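Asker: Give me a 3D structure for the following:
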Amino acid sequence: MRRPARSRAILLAAALAAASPSAGCASAVKHPAVTAGIVGGTLGLSTCKLASDNTGACFAVGGGAGAFLGLVTAAALWLGGDGNTVMTEDQVQPLPQLEDTRPRRRRPRPPEPAPADPAQPAAPGPADPAQPPAAPAPASPDAPSSAAPPPASSTP
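Answerer: This is a model prediction of the structure:
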């Protein structure tokens, strides 16, 4: 059973198309215009072949679509670069710190820790806050004491 030359060419093209994905994406990344041409030509050929049995016209449509997309991609890369260039943006500056005008509260200092050596006497602490402080001694013996109790009244 001998196949015509056209059938063998189509079979060879299908085999090459099936084998090309095994090469990986490295060639597609390195040559995007060729990749766009191949994909466009394949889509044009397959779409035409589904709608018509005219093989010659379908090859012309596929070839034309592939050539057009390949040239457009090549021109875009030539005019605009490879797409890997990144615009440098200025770093965002942090907002300035606003002055804090609120009054600040001072926290009391924590009590000092107890001495590590029990033989040393502890430093004298403040007096018991529940008892009022003792009245100071009078400046002169003739001056009345402000801490003296008021005179007792004789009315019952």
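
Asker: can we go C-alpha only for contacts and neighbour counts from here?
Answerer: OK.

Asker: Helix or strand with the lowest mean pLDDT in the chain?
Answerer: Lowest on mean pLDDT, DSSP states H and E among the helices and strands of the chain sits helix 5-19, with a mean of 74.

Asker: Contacts made by the next helix or strand after that one with the rest, please.
Answerer: For helix 5-19, the succeeding helix or strand toward the C-terminus, using DSSP states H and E, is helix 26-30. By Cα atoms under 8 Å, 6 or more residues apart in numbering, the surrounding residues in contact with helix 26-30 are 34, 35.

Asker: helices or strands up against the helix or strand following helix 26-30?
Answerer: Downstream of helix 26-30, the next assigned helix or strand under DSSP H and E is helix 32-51. Judged by 3 or more Cα pairs under 8 Å, 6 or more residues apart in numbering; DSSP states H and E, helix 32-51 is in contact with helix 55-80.

Asker: If you count contacts, what does the helix it packs on end up packed against?
Answerer: helix 32-51.

Asker: buried set for the helix it packs on?
Answerer: Residues 32-45, 48-49 are the ones in helix 32-51 that count as buried (16 or more other Cα atoms under 10 Å).

Asker: Can you pull the poorly scored residue ranges out of this structure?
Answerer: 1-4, 19-24, 82-87, 115, 117-156 (pLDDT under 70).

Asker: one more time with 80
Answerer: Residues of the chain meeting the criterion pLDDT under 80: 1-9, 11-29, 80-92, 95-104, 113-156.

Asker: And residue 64, how close does it get to residue 44?
Answerer: According to Cα to Cα, to the nearest Å, residue 64 stands 8 Å off from residue 44.

Asker: ok, now residue 103?
Answerer: For residue 103 relative to residue 44 (Cα to Cα), the value is 77 Å.

Asker: before we move on, what about residue 26?
Answerer: 24 Å.

Asker: Closest one to residue 57 out of the buried residues of helix 32-51, please.
Answerer: residue 48 (8.1 Å; Cα to Cα).
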